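Novice: Coordinates for the following, if possible.
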Amino acid sequence: MIVRPPAIYLYITALAFSLATGIQLHAQNCVNKFSQLNFNTATYENFTKSIVTANGEIISAGRLFDFNHAGHIAKYSEKGSPLWSYTYRIDFFDFVKSIFFAAAGTSDMVSMPDGGFVMAGCAEQVLPPYGQDAPVKKWGLIARMDRFGKVLWNKTLLANGDLNFTNIYKTSDGDLIAYLAADNGYKRSAGDHSYNRVLRIGPDGTVRWSTYLFTFLFDAGGLGVNNKRAITQTASGNIVIGDVAHKTVAVNGQIKEGNFHFFELDYVTGNINWEASHEYGAPYNTYVPGVVSVKELADGKLSFISTLYHNGSAGYVEQGANIITDNRGNIQNVIAYTPADGSTCQVKEAAIDRNTGNRVLLLYNDDKKILINVDDAGQIVWQQGYNNRQDALPVNCFSAGRNGFNIFTSNNNTKRYGLLITDNTGIIDCAGEPSGIIATAASLDITHDSMRTDPSYRFDEYYDYAHPLKNWSEYSLAKETVCLQTIACCNDIIDTTNATEIHICEGQSYMLTDSTVIQDSGLYYVTYKSYLGCDSVKYYHIIPDKNVNQLSLGKDSCLGTQSNITIRATSGYEKYYWMNRLSPDTSSFYTVTQPGKYAVSVNNTCGSKEVEIQVFDSCEYSIYLPTAFTPNADGKNDVFRIPPMNKNKLLVLNIYNRTGQLVFQTNNGSVGWDGTYKNEPLDTGTYFYYTEMEGITGKRLTKKGYVLLLR
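Specialist: The predicted structure follows:
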């Protein structure tokens, strides 16, 4: 059953909200030009990923430098006002097997059509249940969250070595393509290996296929599981992946050859359609490139974004690279992105510009961080640098919004982080710096050993233990505005302290004004737009009430030798009314000092109910039975039964004749024997009885004897 306010109520509520605040609840096209925000927090944090939902809300993921290195995910309005902020941990430990989890790290995220998202990364297992020791193993972690940050499902994968979901990609039909990196350590012999996988996962977490990337002498052993890969779905529906693999020396684990590995997987089966490899060049042991983006171009060609080393006059320096291939991964052109002064430059991340469809790249040029927008021909359309002052927080990651870009900044020694929201060309006057990146021709034609993948080989099968990931606690964010330039804009109205409290009956649902159906307890929100385009966020605190039909006081009780006892009602109700008192109590316990009847009642949105029990002075009652009875229908002593004053629970009462035949049996204390057998009166005589009872404390009591039947 879904509880929803009637339409007229919604209209009146919206009208009252508008009149009280001066905000008209319909969308307009007013946006900030740019803003710089800081968030003061309880500890240090570094960010790993940011994404933007379909309605423009921003999501950030990072890792706290606290006691347990908890994962932190937060959601913000399009203008940077926090909507919710939670820490996340694996809710599992095992003292016997010494399994404890310290961190839930996010490598990648993707938004879903309902406003929720999927995070991919790893959970770090540590040896002791305390402290910040280095992890002993990394488990692959992938989780689906709703738009309020609640975990809908998750997977925790374990294999021989470390695992990490480095990338997640949403396909056109809503499925997920996930890249699972593995590392079993340095290759010490030819038999050692570390091979990765690509999985196709349905929206409900069902694995549709898993392709094992057995690449023979090329693997990723000893290099960790954090390297980035790139995934896209082409117009054919198939999946193209940009990967990196290595050939190492078996004795010492040194890399002797490193290759880009481009390949296509059939979307339905996961089989490899084609693959191509290209050596990326020395120096191998200090340089492991990631592939941060792949895009299918209009003519069917493919463009892979990575970082290459260039051996110039000053030695090896890094430079961004746009590797353009045909539709089967064969290189046709390479464009380098490098500072005009020849200094080093790495491509850390890429996102699609929502206005132009171009890619925007995040470059690290020594201390300066730069965004560049490149078209499909690989040419730079615009570029913008960001603060490299000593007191500035360095850029961690960014995402592309509807009207600009969201840049998260932080370090590991300041209890605050920053959010730069730029215009659609990356400009933010109060944090911008000049940049000088140029696009030049480059090459990648080193003679190398071609890679070949055989997915039919199977090693290191993983197992999903499904240890639950939970939003562990709220994480407080105190927002402050450093600079803001608006275009005829207004102030956001976001008030989390005055949420509307909604009680629903356990098992029922509540529909928010935006048609979102809620069943679980928690804080939820609906975002409106003011006349000038600012956010007005309405919060709802949903509280499911416990079904009153579950109320119970248990069995009757007794005082015995005690001066008082405590009786307990079913827990989970907000208010308890003991002994018909007018004022409620929040406690489900009640202290009894004398025998008698005791009652409690509850009422909530589910209804109302009262229950009672009897508390006796004695905990055991001796069994007394009459020695004779006269079943002559005179209304006096016609039935042989347990006396009503005996408060023990009858388990069984058996009556036998002289030959040992059972002539009567009952377990109901209010039912007695009327001297008949199969509705026929029995003769006068002596009969044997056996009874078994249970005292109020649960102790078993028995008695046997004779009773005289007189007519």
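Novice: Run through the strands of the stretch 501-650 of the chain in chain order.
Specialist: Listed in chain order, the strands of the stretch 501-650 of the chain (DSSP state E, counting those that start in this stretch) span residues 509-511, 517-518, 522-529, 535-545, 557-558, 565-568, 577-578, 589-592, 596-604, 607-616, 628-629, 649-656.
Novice: Just say which of those is most tucked in.
Specialist: Most buried of the strands of the stretch 501-650 of the chain, by mean neighbour count (mean count of other C-beta atoms under 10 Å): strand 557-558, with a mean of 21. All C-beta spots, glycine's among them, are computed from the backbone N, C-alpha and C.
Novice: Show me what it is packed up against.
Specialist: In this structure, strand 557-558 packs against strand 565-568, strand 607-616, with contacts taken as 3 or more C-beta pairs under 8 Å, 6 or more residues apart in numbering; DSSP states H and E.
Novice: Grab the nearest non-local neighbour of the residue of the chain most remote from its centre.
Specialist: Farthest-out residue of the chain from its mean C-alpha position, per C-alpha atoms, centre = their mean: Arg711, at 77.6 Å. Using C-beta to C-beta, 6 or more residues apart in numbering and skipping the chain neighbours, the partner closest in space to Arg711 is Thr684 (4.9 Å).
Novice: so what's the one you found up against?
Specialist: By C-beta atoms under 8 Å, 6 or more residues apart in numbering, the residues touching Thr684 are 709-711.
Novice: If we use 10 Å, what do you get?
Specialist: 630, 675, 708-711 (C-beta atoms under 10 Å, 6 or more residues apart in numbering).
Novice: Next: His246.
Specialist: By C-beta under 10 Å, 6+ apart, the residues touching His246 are 187, 194, 215, 217-223, 254-259, 280, 284, 288.
Novice: And Gly329, by the same measure?
Specialist: Applying C-beta under 10 Å, 6+ apart to Gly329 gives the contacts 240, 242, 260-264, 274-278, 302, 304, 323.
Novice: Kindly recompute the last result at 8 Å.
Specialist: Taking C-beta under 8 Å, 6+ apart, one finds 262-264, 274-276, 302 in contact with Gly329.
Novice: Could you take those and lay them out as a markdown table, with extra columns for pLDDT and distance to Glu574?
Specialist: Putting the contacts of Gly329 into a markdown table (pLDDT from 0 to 100; distance: C-beta to C-beta, whole Å) gives the following:
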| residue | pLDDT | distance to Glu574 |
| --- | --- | --- |
| Phe262 | 96 | 60 |
| Phe263 | 97 | 58 |
| Glu264 | 98 | 58 |
| Trp274 | 97 | 63 |
| Glu275 | 96 | 62 |
| Ala276 | 95 | 64 |
| Leu302 | 98 | 60 |
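Novice: from those, which would you call buried?
Specialist: Buried subset of those (neighbour count, 16 or more other C-beta atoms under 10 Å): 262-264, 275-276, 302.
Novice: out of the residues you listed, what pair is the most spread apart?
Specialist: Taking C-beta to C-beta, the two most distant members of the buried ones among the contacts of Gly329 are Glu275 and Leu302; they sit 12.6 Å apart.
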